[in-house]
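Visitor: Model the following, please.
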Amino acid sequence: MPLLLLALWPVAELLVAIQVAHLIGVLDTIVLLILTWPIGSWALRSQGRAAWQRLSVAVAEGRRPAREVLDGALVLAGGLLLIVPGFITDVIGALLLAPPSRALARGLLSRNLRSRLVVRATSVGRQAYDVDSTASDIDQRRLRP
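Guide: I've put the predicted structure just below:
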């Protein structure tokens, strides 16, 4: 599925660019696509600096900086998506840079990462760890030397 999405993404970007060009004109479309690069670069710098400061404050206060780390990752992804040419990536990038939608994305990402972490921490291959503490000690005399 991710490979299919990766293959279809440029096609979707091209179709959206063609539709935008029909609406506003080819030259204006090209200008919009070019302008998002410096805007993304500026947003990445300014929002990234703010995320770094929040991370530094959390570490200085002795708190676990999980929220700040996720914010920083989302700001980085949003800025990079604004730099990549395309209207779909620009919209997603702008949403990741806006604090309200970034908070929503952070919640979804946090929940997803937490559930994956629990699954990985409680299983090895196909065998599950004894999470419920049902294991019992074996008498040492019954073990082979």
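Visitor: quick one: contacts for the residue nearest the centre of the chain?
Guide: In the chain, the C-alpha nearest the mean C-alpha coordinate belongs to L74, at 5.1 Å (C-alpha atoms, centre = their mean). If a contact means C-beta atoms under 8 Å, 6 or more residues apart in numbering, then L74 has 96, 102, 105-106, 109 as its contacts. All C-beta atoms are positioned from the backbone trio N, CA, C, and that covers glycine.
Visitor: where in the chain is pLDDT low?
Guide: By pLDDT under 70, the low-scoring segments of the chain are 114-137, 143-145.
Visitor: And the helices in it?
Guide: Under the criterion DSSP state H, the chain contains helices at 2-24, 26-60, 66-83, 87-97, 99-121.
Visitor: burial measure for L5, as a count.
Guide: Residues contacting L5 under the criterion other C-beta atoms under 10 Å number 9.
Visitor: what about it, distance to I88?
Guide: According to C-beta to C-beta, to the nearest Å, L5 and I88 sit 12 Å apart.
Visitor: on that earlier part again, please tabulate the contacts of L74 in TSV, including the columns distance to E68 and neighbour count.
Guide: TSV is the format used below for these (distance: C-beta to C-beta, whole Å; neighbours: other C-beta atoms under 10 Å):
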residue	distance to E68	neighbour count
L96	15	24
R102	12	21
A105	15	20
R106	10	19
L109	13	15
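Visitor: tell me which of those residues is nearest to G79?
Guide: Distance to G79 across these (C-beta to C-beta) is lowest for L96, with 8.2 Å.
Visitor: returning to that earlier point: out of the helices of the chain, nearest to D139?
Guide: Checking those against D139 by C-beta to C-beta gives helix 99-121 as the closest, at 29.8 Å.
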